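Asker: Need a 3D model of the sequence below.
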Amino acid sequence: MNRLWRRLASGIGFFTFGALGVFFQFLLFPGIILFVHPTAKRKILARRVVHATFLWFVKYLRFLGILDWETKGLEKLQKPGQLILANHLTLLDVVFLFAMVPNACAIVKAPLTRNPFTAGALRAAGYIVNDGGYALVDRSIEELRTGASLIVFPEGTRTPWGE
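Answerer: Next comes the predicted model:
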């Protein structure tokens, strides 16, 4: 029975994440982009939305019984202006990091900015596109100076299956 519930709850979790994602990408984030100015205010609002939504989601997964987690030393990640270098082992590591780090900015792969399901959030939150060059370094320094924490996945992609 437990196995059946975990499968059903996992389906509920994926459905919820997808439904919220569609709502946010096609309604909420475009609204933020269009109506919230200046850019600095827009980025803060969009990052708060991402942070609060992801925090709610990981707590929701715990409530459903899909996973359990605990944190140690979380206060270290919540200080402003952190440079956080993270491995990208699963899809959930991104969700957990953004849930636990307020005002997080990230360096993201350029193809994500062309994906209709991620482009709105990336643009609204002002995440940095890794299209290279000095501009990437300058934008990273600028974000850290404003007090944002910069999350970098040095490997740039998730770990391949079985490694």
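
Asker: Can you list the buried residues in whatever helix or strand residue 63 lives in?
Answerer: Assigned by DSSP states H and E, residue 63 belongs to helix 39-64. Buried residues in helix 39-64, counted by 16 or more other CB atoms under 10 Å: 42-44, 46-47, 49-51, 53-55, 57-58, 61, 64. Where C-beta positions appear, they are placed from N, C-alpha and C, glycine not excepted.

Asker: What helices and strands are in contact with the helix or strand containing residue 15?
Answerer: Assigned by DSSP H and E, residue 15 belongs to helix 2-23. Judged by 3 or more CB pairs under 8 Å, 6 or more residues apart in numbering; DSSP states H and E, helix 2-23 is in contact with helix 39-64.

Asker: which strands and helices sit next to the helix it packs on?
Answerer: So helix 39-64, by 3+ CB pairs under 8 Å, 6+ apart, packs with helix 2-23, helix 29-35, helix 92-100, strand 104-108, helix 119-125.

Asker: Please work out the angle formed by the directions of that helix and helix 2-23.
Answerer: With axes from the mean of the first three to the mean of the last three CA atoms, to 10 degrees defining the directions, helix 39-64 sits at 160 degrees from helix 2-23.

Asker: the inter-axis angle of the helix holding residue 15 versus helix 92-100?
Answerer: Inter-element angle recorded for helix 2-23 and helix 92-100: 70 degrees (by the same axes, to 10 degrees).

Asker: Can you list the neighbours in contact with helix 2-23?
Answerer: With CB atoms under 8 Å, 6 or more residues apart in numbering as the contact definition, helix 2-23 has outside contacts at 53, 57, 60-61, 64-66, 117.
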